[in-house]
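[1] Sequence plus predicted model, see below.
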Amino acid sequence: MKYLETYKNKMVTAKDAAKIVKSGDWVHYGNFVMAPLGFDKSLSERRDELKDVKISAVCFPGIAEVAKCDPLREHFIFNDWHFSGGSRVLHDKELCYYIPMVYHEGPFIYEKYLNPDVFVTTTSKMDDKGYFNFSVSNSIHSSVAKKAKIVIIEVNEEAPICLGGNNESIHISDVDFIIQENSKPLIEVMSPEPDDVDQKVAEYIVELIENGSIIQLGIGAMPNAVGKMIAKSDLKDLGGHTEMLVDAYVDMYESGVMTGKCKKFDKEKMVYTFAMGSQKLYDFINRNPACASYQVDYTNDPFIASKHDKLIAVNNAIEVDLYGQVCSESYGTRHITGTGGQLDFIYSAFHSIGGKGIICMSSKASNKDGKSNYRIVPTIKNGGIVTVPRSIVNYIVTEYGVVNLKGKTTWQRAELLIDIAHPDSRDELIKEAEKMKIWVKSNKK
Ligand SMILES: CC(=O)SCCNC(=O)CCNC(=O)[C@H](O)C(C)(C)COP(=O)(O)OP(=O)(O)OC[C@H]1O[C@@H](n2cnc3c(N)ncnc32)[C@H](O)[C@@H]1OP(=O)(O)O
Ligand SMILES: CCCC(=O)O
C-alpha cells in the first residue's frame with residue numbers, strides 16, 4: 001500500500017506519544033466515545049514529570065485518568081465543553097471545569113482563538129488512500145486538527161467508518177504520530193427505558209409532528225423515548241437532520257417512517273455530527289450511505305438547519321421559569337452539562353417553515369438522593385444557567401400538556417406554564433407570579 005512506509009515511520013506507543021506533552025501545554029482530546037483512552041492513561045502516568053498541563057475534552061466517556069490521578073490539580077487541569085456523567089462527578093470534586101460554547105460555533109472558536117499544542121483523537125484504521133475516518137465523532141475534529149501544532153491519532157480498528165458529509169476524515173500527511181495498540185469495541189451509551197411520564201410526553205410530541213418532518217433529537221432519555229414512539233407511529237417520509245445520532249434513528253429507519261424523501265437537501269440521508277448509543281447503532285452507521293457525517297458547523301448552523309421545512313427539534317431541560325427561560329445545564333450552581341446544540345436547534349426549528357422547537361421535561365424531578373423538585377419554577381434556581389433565553393423559547397411540553405410561548409406576554413406565559421406544571425405546585429406558582437407582577441385578573445386560577 002502506498003502509505004505503508006509513512007505509516008510505519010509515524011508509529012509510536014501510547015507511552016512515547018504521551019512523552020511529547022510538555023509542562024504548560026494545552027492538549028485537546030477527541031470527542032465523545034472517540035476520546036483517546038490509551039493516551040489518557042499514558043499521560044496520567046507522567047503526572048510527576050509535568051506541571052500545569054491543560055486538557056480539554058467534549059463529553060469525555062467516563063472518568064478521565066488525567067483528572068483522577070491528580071486530586072490537587074498540580075499537574076493537570078481537566079476541562080470539558082459538554083459534561084458526561086463522569087465529568088459531572090469530577091466537577092463535584094473540583095476536578096473538572098466547563099468551557100461554555102454554543103456548539104455550532106465550536107469550529108469557528110478554534111479557527112479564531114485557539115492554538116492547541118497537541119490534538120489526540122481515536123480514529124478508525126487508515127484506508128488505501130491514506131485517510132483515517134473520525135468515525136462516530138466528526139464534531140469539531142477537523143478544525144482542531146488544523147490548528148494543533150501536533151496531531152496524534154489512536155487507531156481503533158473496530159471503529160465504524162462514517163461516510164461524509166464533510167470533514168469526516170484526516171489524511172496521514174496531516175498526522176504526526178500514530179498509536180496502534182488499543183483496538184476494541186466502542187463504548188456503548190445506553191438510554192434508560194422510558195417510564196410512564198416519558199411515554200406521555202412522547203405522545204404529546206408525536207401529535208405535533210406532520211408527515212415529511214425533519215427530526216432532531218437531543219441528548220437524554222426523553223428525546224430517545226420520543227424517537228422510539230415515532231418509529232411505531234403512522235408518520236410517513238420523515239427525515240433526519242440532527243447533531244447526535246442515537247438508537248432511535250435506527251428504529252425510525254428500520255420501521256420505514258424515516259425515508260428522508262421530503263428533505264430539501266441531503267435527500268434520503270440522515271445527517272449528524274456525532275453518534276452515541278449501542279453496538280446496534282454503530283453497526284448500522286458503518287459504511288452506510290443512508291447516513292452522512294458532517295462537522296458541527298454544518299449540522300447545527302441555524303442558517304443551514306432552518307432551510308429544511310418542518311424541522312422538529314426535541315430537547316430536554318432541567319428547569320423552566322415563569323418567564324419561559326430554559327435552564328438545561330445546571331441545577332443552581334451544580335454544573336450538570338453544557339449548552340450543546342440545544343440553543344442551535346430550538347432557534348433553527350422556529351425559523352424553519354412549519355418547524356417547531358420543543359423543550360420537553362417531566363413536571364417533577366426525582367433525584368438519586370431521594371429528594372424531588374418541580375421543574376416549572378417562578379425563577380430559575382439561584383446560580384442556574386439560562387440555556388435558551390425567553391426571547392428564543394418556542395414549545396414546552398410536560399406530561400400535563402403542550403404550550404407554545406412564542407408571541408406571548410409575560411402574564412400569558414405564566415398562565416400557560418402553570419397549566420402544564422405539576423398540579424401540587426400550581427397554587428404556589430400563582431402566588432409567586434402575582435408577586436412577580438406577571439399575573440392579571442383574567443388569568444385562570
Ligand atoms: C445532542 C443534540 O442532538 S442537540 C441538543 C441537545 N443538547 C442539549 O439539550 C444540551 C443540554 N441537555 C442535556 O444535556 C440533557 O438533555 C439533560 C442533562 C438536560 C438531561 O439528560 P438526561 O441524561 O436525561 O439527564 P439525567 O436525568 O440523567 O440527569 C443528569 C443529571 O442532572 C441531574 N438533574 C436533572 N434534573 C435535576 C433537577 N431538577 N434537580 C437536581 N438535579 C437534576 C441528575 O440528578 C443527574 O445528575 P447525576 O448524574 O449526578 O445523577
Ligand atoms: C457537545 C454537544 C452535546 C449536546 O448538544 O448535547
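    That came in fine, so what should we check first? Ligands and ions are numbered 1, 2, ... in the order given.
[2] Every contact and neighbour count from this point should use C-alpha atoms.
    Fine.
[3] Strands along the stretch 251-400 of the chain, start to end?
    According to DSSP state E, counting those that start in this stretch, the stretch 251-400 of the chain carries its strands in the segments 270-272, 274-275, 291-293, 311-316, 319-321, 326-327, 330-331, 334-335, 356-360, 364-366, 372-374, 376-377, 395-398.
[4] The residue lying closest to residue 295 once chain neighbours are set aside and residue 270, how far apart?
    Leaving aside its chain neighbours, residue 295 sits nearest to residue 139 (5.0 Å; criterion: CA to CA, 6 or more residues apart in numbering). From residue 139 across to residue 270, the span is 15 Å (CA to CA, to the nearest Å).
[5] okay, those two: which has more neighbours?
    residue 139 (32 against 26; other CA atoms under 10 Å).
[6] Helix or strand: which one has the more buried one?
    For residue 139, there is no enclosing helix or strand under DSSP states H and E.
[7] ok, now which ones touch the residue in the stretch 301-445 of the chain that ligand 2 sits nearest to?
    For the stretch 301-445 of the chain and ligand 2, the shortest gap (CA to the nearest ligand atom) falls at residue 340, measuring 3.2 Å. Residues in contact with residue 340 (CA atoms under 8 Å, 6 or more residues apart in numbering) are 82, 101-103.
[8] Any idea which of the strands of the stretch 251-400 of the chain gets closest to residue 88?
    strand 334-335 (7.0 Å; CA to CA).
[9] Which neighbours in the sheet does that closest one have, and how are they oriented?
    strand 330-331 (antiparallel) (DSSP bridges).
[10] Show me what the mean pLDDT comes to for the strand it pairs with.
    Strand 330-331 shows an average pLDDT of 96 in the prediction.
[11] And for stretch 431-442?
    Mean predicted confidence for stretch 431-442 is 95.
[12] residues in the stretch 301-445 of the chain within reach of ligand 1, list them.
    315-318, 328-329, 331, 336-342, 365, 367-368, 373, 375 (CA under 6 Å from any ligand atom).
[13] 5 Å instead?
    315-318, 328, 339-342, 365, 367 (CA under 5 Å from any ligand atom).
[14] now swap in the stretch 101-250 of the chain and tell me
    218-221, 243-244.
[15] Of those, keep whichever come out buried.
    Burial by neighbour count, judged by 16 or more other CA atoms under 10 Å, picks out 218-219, 221, 243-244 from those.
[16] mind putting the residues you listed in TSV, distance to ligand 2 and pLDDT included?
    What follows is those, written out as TSV (distance: CA to the nearest ligand atom, whole Å; pLDDT from 0 to 100):
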residue	distance to ligand 2	pLDDT
218	6	89
219	5	78
221	12	81
243	7	98
244	7	97
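[17] Same list, those, but as a markdown table with distance to residue 445 please.
    Below are these laid out as a markdown table (distance: CA to CA, whole Å):
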| residue | distance to residue 445 |
| --- | --- |
| 218 | 34 |
| 219 | 35 |
| 221 | 33 |
| 243 | 40 |
| 244 | 41 |
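[18] Buried residues, stretch 405-415. List them.
    405, 410-415.
[19] Span of it from start to end?
    Where stretch 405-415 begins and where it ends lie 10 Å apart, using CA to CA.
[20] Stretch 238-245 too?
    15 Å.
[21] re earlier: dump the strands of the stretch 251-400 of the chain into a markdown table; add distance to residue 159 as well.
    Formatted as a markdown table, these follow (distance: least, CA to CA, whole Å):
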| stretch | distance to residue 159 |
| --- | --- |
| strand 270-272 | 17 |
| strand 274-275 | 12 |
| strand 291-293 | 14 |
| strand 311-316 | 28 |
| strand 319-321 | 37 |
| strand 326-327 | 35 |
| strand 330-331 | 32 |
| strand 334-335 | 31 |
| strand 356-360 | 32 |
| strand 364-366 | 36 |
| strand 372-374 | 40 |
| strand 376-377 | 41 |
| strand 395-398 | 37 |
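[22] Which one, of those strands, ends up nearest to residue 300?
    Going by CA to CA, the one of the strands of the stretch 251-400 of the chain nearest residue 300 is strand 270-272, 9.0 Å.
[23] what's the average pLDDT for the closest one?
    98.
[24] about what we covered before: could I get the strands of the stretch 251-400 of the chain in a markdown table, plus columns for distance to ligand 2?
    Output for the strands of the stretch 251-400 of the chain, formatted as a markdown table (distance: least, CA to the nearest ligand atom, whole Å):
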| stretch | distance to ligand 2 |
| --- | --- |
| strand 270-272 | 11 |
| strand 274-275 | 9 |
| strand 291-293 | 15 |
| strand 311-316 | 9 |
| strand 319-321 | 16 |
| strand 326-327 | 13 |
| strand 330-331 | 13 |
| strand 334-335 | 14 |
| strand 356-360 | 13 |
| strand 364-366 | 19 |
| strand 372-374 | 22 |
| strand 376-377 | 21 |
| strand 395-398 | 18 |
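[25] re earlier: with the buried residues of stretch 405-415 in mind, which one is nearest to residue 174?
    residue 405 (48.2 Å).
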